[in-house]
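Enquirer: All I have is the shape, not the residue letters:
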């Protein structure tokens, strides 16, 4: 059963302990609240201020598991804090395995400070969990996909638009890399995993995937320099740096350009025009 008092006190404590700069928000000059305002917390949790406020006041409907997961992510909770929040709300805590979509506070804090840089947090299956605004401007909002299409490796063989984001001369290598990467995750997670399910789907629907899969290649790593094709700005060569979460298979990918290059100038322009260039 839901512990409304415990839930309200926990939410209030977590909100008041967070500072605007902790979650990528400007502090402003007339801030009287010790931590985040309720409306700020609600926005981070993707819900109305009224709904969030009622939870802190021990009122309102019983929040769903999806709502609790959104609150846990919005308030930058650790895995232990997330599990505690689920139990207070009367739900079973989600698994912590390879399928976890809960991003650690550490990765979120870094991502929040990269607003002028293309960056994203992805799973071991290439599913984008969060992007910076400039990351969305570079590749589009990759978090909008659902089902197997959340994985870029799956989209590579099922959605021709995915390949348009990358230099054509890199396509053969990327094809081998995505297949190799999926094979590695299948071996790691086993036959009952989502990785194995994705492989089965692609084997059934893509002749190209099946041909490359049968080569049994493993260990093909991404190149450090990635060549993107932006619909408005054209070709960009960006260096990709990767940071691995030590507790779960999530990766923070940060894309930068060498100063003085044409790609650097295009990236500066992209930071000005933002996602408007994709509309």
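Expert: Alright, I've got the coordinates. Since this is a predicted model, take the numbers as computed values, not measurements.

Enquirer: Start and end of stretch 107-125, how far apart?
Expert: For stretch 107-125, the first-to-last residue distance is 18 Å (Cα to Cα, to the nearest Å).

Enquirer: which parts of it are buried?
Expert: When burial is assessed from 16 or more other Cβ atoms under 10 Å, stretch 107-125 yields the following buried residues: 107-108, 111-112, 114, 117-125. For every residue, glycine as well, the C-beta is placed using N, CA and C.

Enquirer: can you redo the residues you listed as CSV with distance to residue 206, secondary structure and pLDDT?
Expert: CSV is the format used below for these (distance: Cβ to Cβ, whole Å; DSSP: H, G, I helix; E, B strand; the rest coil; pLDDT from 0 to 100):
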residue, distance to residue 206, secondary structure, pLDDT
107, 32, helix, 93
108, 35, helix, 92
111, 32, helix, 94
112, 37, helix, 89
114, 34, coil, 92
117, 34, coil, 94
118, 29, coil, 97
119, 30, strand, 98
120, 25, strand, 98
121, 27, strand, 97
122, 21, strand, 97
123, 21, strand, 96
124, 20, coil, 96
125, 16, coil, 96
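
Enquirer: ok, of the residues you listed, which one's closest to residue 19?
Expert: residue 112 (11.4 Å; Cβ to Cβ).

Enquirer: any idea how far the closest residue to the closest one other than its chain neighbours is from residue 8?
Expert: Nearest non-adjacent residue to residue 112, counting by Cβ to Cβ, 6 or more residues apart in numbering: residue 24, 3.1 Å away. Separation of residue 24 from residue 8 (Cβ to Cβ, to the nearest Å) stands at 26 Å.

Enquirer: Over to residue 232?
Expert: Taking Cβ to Cβ, one finds residue 232 at 47 Å from residue 8.

Enquirer: Next: residue 46.
Expert: From residue 46 to residue 8 the distance is 19 Å (Cβ to Cβ).

Enquirer: Neighbour count: these two, which is higher?
Expert: Higher neighbour count among residue 46 and residue 8: residue 8, with 17 against 11, using other Cβ atoms under 10 Å.

Enquirer: quick one: contacts for the nearest residue to the more buried one once chain neighbours are set aside?
Expert: Excluding its sequence neighbours, the residue lying closest to residue 8 (Cβ to Cβ, 6+ apart) is residue 58, at 4.7 Å. Residues near residue 58 by Cβ atoms under 8 Å, 6 or more residues apart in numbering: 4, 5, 7, 8.

Enquirer: Low-confidence stretches in the chain?
Expert: 28-29, 31, 33, 275-279 (pLDDT under 70).

Enquirer: which helix of it spans the most residues?
Expert: helix 171-189 (DSSP state H).

Enquirer: Identify all contacting residues around that one.
Expert: By Cβ under 8 Å, 6+ apart, the list of residues contacting helix 171-189 reads 98, 124-126, 152-153, 156-157, 163, 166, 193, 195-196, 198-199, 202, 208-209, 212-213, 215-223.

Enquirer: Need the phi and psi values for the most centrally placed residue in the chain.
Expert: The centre of the chain sits closest to residue 129, judged by Cα atoms, centre = their mean, with a distance of 1.7 Å. Main-chain dihedrals, residue 129, degrees, to the nearest 10: phi -100, psi -30.

Enquirer: Would you check that my belief about it contacting residue 122 is correct?
Expert: Yes - at 6.6 Å, residue 129 and residue 122 qualify as touching, with contact defined as Cβ atoms under 8 Å.

Enquirer: how about the contacts of residue 58, which pair is most distant?
Expert: Between any two of these (Cβ to Cβ), the greatest distance is 7.3 Å, for 5 and 7.

Enquirer: Where does residue 216 sit, in terms of helix or strand?
Expert: Counting by DSSP states H and E, no helix or strand carries residue 216.

Enquirer: burial measure for the nearest residue in space to it that is not next to it in sequence, as a count.
Expert: Closest residue in space to residue 216, ignoring its immediate chain neighbours: residue 183 at 7.3 Å, by Cβ to Cβ, 6+ apart. Neighbours of residue 183 under the rule other Cβ under 10 Å: 20.
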